[in-house]
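> Show me how the following folds:
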Amino acid sequence: MKNYTITVNGTAYDVVVEERDGGAAPAAASAPVKDTPKSQAQAGAGAVKVTASVPGKVFKLEAKVGQAVKAGDTIVILESMKMEIPVVAPQDGTVASVEVSVGDAVENGDTLASMN
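All right, here's what the predicted structure looks like:
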């Protein structure tokens, strides 16, 4: 078995590759990497991106465009594995865009909103 560290978009993932007859095959990875047209199309108006930390479905939008928020205020609530997971503002600012709607399926790393 061999251990590798792979960096994707600035995030490091530890990957273990197991040697098998006929070559190497991936045995385990810390997170899947998926690039979808939806994630490529999402380019918000603000300088600070608010992204999904887990794959799931948009359950509720807590903030609107133009709303002032403080660090830690909930912007979007995701539903994942029957849990409601708040996605919060990383810093004080104003919501510049909301890139999703209630019911949208999102992947880890997708942009949900942006802030200035």
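> all contacts plus neighbour counts: C-alpha atoms, from now on.
OK.
> packing partners for the biggest strand by length in the chain?
Looking across the chain with DSSP state E, the single longest strand is strand 11-20. Judged by 3 or more CA pairs under 8 Å, 6 or more residues apart in numbering; DSSP states H and E, strand 11-20 is in contact with strand 2-8, strand 23-29.
> Among the ones you listed, show the one with the smallest mean pLDDT.
Note on those: strand 23-29 shows the lowest mean pLDDT, a mean of 47.
> before we move on, the earlier item: name every sheet partner of the longest strand of the chain and say whether each one runs parallel or antiparallel.
Using DSSP bridges, the strands paired with strand 11-20 in its sheet are strand 2-8 (antiparallel), strand 23-29 (antiparallel).
> Test my guess that Gln91 contacts Ile75.
No. Counting by CA atoms under 8 Å, Gln91 sits too far from Ile75 to count as a contact (11.6 Å).
> if you count what's nearby, which of those two comes out ahead?
A side-by-side neighbour count of Gln91 and Ile75, using other CA atoms under 10 Å, places Ile75 first with 22 against 14.
> Tell me which helix or strand that one sits in.
Using DSSP states H and E, Ile75 sits in strand 74-80.
> For the nearest residue to Gly103 once chain neighbours are set aside, list the residues it contacts.
Nearest residue to Gly103, sequence neighbours excluded (CA to CA, 6 or more residues apart in numbering): Val58, at 5.1 Å. By CA atoms under 8 Å, 6 or more residues apart in numbering, the contact list for Val58 reads Val76, Ile77, Leu78, Glu79, Val100, Ser101, Val102, Gly103, Asp104, Ala105, Val106.
> In this protein, where is pLDDT below threshold?
Applying pLDDT under 70 to the chain flags residues 1, 19-44.
> now with 80?
Scanning the chain for pLDDT under 80 picks out 1-46.
> For the longest strand of the chain, C-alpha coordinates in CSV please.
Provided in CSV are the C-alpha atoms of strand 11-20 (Å, rounded to 0.1, in the frame of the first residue of the first chain):
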residue,chain,number,x,y,z
THR,A,11,-7.6,21.3,-0.1
ALA,A,12,-5.3,18.4,0.7
TYR,A,13,-6.6,14.8,0.6
ASP,A,14,-4.8,11.8,2.0
VAL,A,15,-5.2,8.8,-0.4
VAL,A,16,-4.2,5.2,0.2
VAL,A,17,-3.6,3.1,-2.9
GLU,A,18,-3.5,-0.7,-2.6
GLU,A,19,-1.3,-2.8,-4.9
ARG,A,20,-3.2,-5.6,-6.6
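> Brilliant, that's me finished.
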